[in-house]
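Participant: here's my sequence, what's the structure:
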Amino acid sequence: MTETKRLYPREKYLKILRPFYDDTEMIKVVTGVRRCGKSSLLLMIQEELLEKGVAKSNIIGINLDRRPYRHIRNAAALERAIDEASDKIRGRKYLFIDEVQNAVGFEESLNAYREDGDYSIFITGSNSYLLSGELVTKLTGRYLEVNMTTLTFDEYIGMKSFVGKNISLNIEDELRSYILEGGFPYAVNYDGLEEKRFYVQNVVNEIFDKDVKGNRRIRKKRLFDLIMQFVINNFGCTLSVDNIVNHLNGILGEKVRKETIYRYIEQLENLRIISKCTRFDLKSKRSLKGGEKYYLSDLSFYFLRNTDNRIPYGPVLENIVYQYARSLGYKVSVGKIGSLEVDFILRSPSLDYSYVQVAMYIFTGDEKTENREYRSLESIKDNYPKYLLTLDSLQQKRNGIIHENLAKFIRDGKRF
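Facilitator: Numbers count the residues shown, from 1 in each chain. Just a heads-up that it's a prediction; the model follows:
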């Protein structure tokens, strides 16, 4: 392990992984979009292992995107590197492999080292290739996946404080900065918006160049790009494949098959560019097919792919709440109650439920606005907590519904 500067601790993910640090049976898989902080997370784990007394010699770090391991492109070469690094180590070995998918056929090798019984294995990958095909087949029940996101708003504030950046006393100023800058961690180190956007633009270009252009499952690159642009432009909205078909037919002048659109949307999910939020009927207690919403892994994908700098606050605020809830381990669905809709139904890891409605403001001088945002929550008859998150500085009390300032709620790390 090489010496590194102090790293901002991503506690949400460390907390999940700590119970498994010494586990030689489960392979720990960290997935996420490029540059979201996966490599840094592995370094944090290594630091914690050293702090609890693990010998530095027992920690093996291999990053297949960096020297001296960039030449490794197959399982045999990967095994040689692992064996050379672990040849004289006694006791449990802690094996960390970044971008493991670069080594073709790595799955059988990982399984073999796992079966040795003295390797605690951690791997990262930039897309869900890690959880497809051979890995799923050969490691069913033998891996733990942690899906990492870019910085959520609370982490953005926390990291700015950690690296000594000024934080505005006006929480809405910080929220606006977060929206325009995005959550890629390294961007926080820069001072000006122009430098931050330049860095993030290069990250986004890298994602498209390496994960899209080099993806063999995406044969029709222009069609994929058009589908990607449509989904990104309509994040947070109910998406109909029929609408996408009509949109593409008008541009291309030829019929596009629905199966192709479904497949390419799935690839966008696999690349961790978008995340699907399914619809749940509160009356029938069933998930509904069709009419899903898709949220972005980082708002940069929207702002860097559009020339219009206006902020569509409705979907943007929903996206921020969605990613925050997911980072806390909640399962998230869109709720349908007859003709009404509640933005999110959350299910906690302990299987408790809560309901969340998101709006920019309710105190607009028009009582209809307030009634509209409360109506769907008030129609839910169970006793689980109900939240209305807005940017209002004052809070309303109404029928037991918890009204909170969205920015402060997330900044303070509150749970639903």
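
Participant: give me the local confidence score for residue 11.
Facilitator: pLDDT for residue 11: 97.

Participant: actually residue 125, not the one I typed
Facilitator: At residue 125, pLDDT is 81.

Participant: okay, strands next: where are they in the protein?
Facilitator: In the chain, the strands defined using DSSP state E lie at 27-31, 59-63, 93-98, 119-125, 143-147, 274-281, 286-296, 331-337, 340-347, 353-358, 386-390, 402-405.

Participant: rank the ones you listed by pLDDT, which is bottom?
Facilitator: Here those differ in mean pLDDT, and the lowest is strand 286-296 at a mean of 82.

Participant: show me the shaky parts of the stretch 301-416 of the chain.
Facilitator: Of all residues in the stretch 301-416 of the chain, none has pLDDT under 70.

Participant: in it, which spans are helices?
Facilitator: 313-327, 367-378, 406-411 (DSSP state H, counting those that start in this stretch).

Participant: ok, and what's touching the second one?
Facilitator: Around helix 367-378, the neighbours that count as contacts under CB atoms under 8 Å, 6 or more residues apart in numbering are 335, 337, 340-342, 355, 357, 359, 361-364, 386, 388, 390, 396, 398-399, 401. Just so you know, the C-beta spots here come from the backbone N, C-alpha and C atoms, and that holds for glycine as well.

Participant: ok, of these, which come out buried?
Facilitator: For the contacts of helix 367-378, a burial check counting by 16 or more other CB atoms under 10 Å picks out 335, 337, 342, 355, 357, 359, 362, 386, 388, 390, 401.

Participant: hmm, which two among those residues are most spread apart?
Facilitator: The largest separation in the buried ones among the contacts of helix 367-378, counting by CB to CB, is between 337 and 390 at 20.1 Å.

Participant: contact partners for the residue nearest the centre of the chain?
Facilitator: The centroid of the chain falls nearest to residue 149 when counting by CA atoms, centre = their mean (3.0 Å). Each residue near residue 149 by CB under 8 Å, 6+ apart is listed here: 32, 33, 36, 183, 297, 298, 323, 326, 327.

Participant: equivalent analysis for residue 359, please.
Facilitator: 314, 317, 369, 373, 388, 389, 390.

Participant: distance to residue 70 for those residues - can I get that in a markdown table?
Facilitator: A markdown table is the format used below for those (distance: CB to CB, whole Å):
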| residue | distance to residue 70 |
| --- | --- |
| 314 | 44 |
| 317 | 41 |
| 369 | 56 |
| 373 | 52 |
| 388 | 50 |
| 389 | 45 |
| 390 | 49 |
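
Participant: which of these tops the neighbour count?
Facilitator: Within these, most neighbours by other CB atoms under 10 Å means residue 389, with 27 neighbours.

Participant: from what I see, it and residue 357 are in contact.
Facilitator: Yes: using CB atoms under 8 Å, residue 389 is in contact with residue 357, at 7.2 Å.

Participant: which residue of this protein sits farthest from its center?
Facilitator: residue 88 (38.2 Å).

Participant: rewinding a little: relative to residue 15, which of the helices of the stretch 301-416 of the chain is closest?
Facilitator: Taking CB to CB, helix 313-327 is the member of those nearest to residue 15, at 11.1 Å.

Participant: may I see the buried residues of that closest one?
Facilitator: Of the residues in helix 313-327, 315-327 count as buried by neighbour count, 16+ other CB under 10 Å.

Participant: on that earlier part again, need the pLDDT of the residue farthest from the centre of the chain.
Facilitator: Residue 88 carries a pLDDT value of 89.
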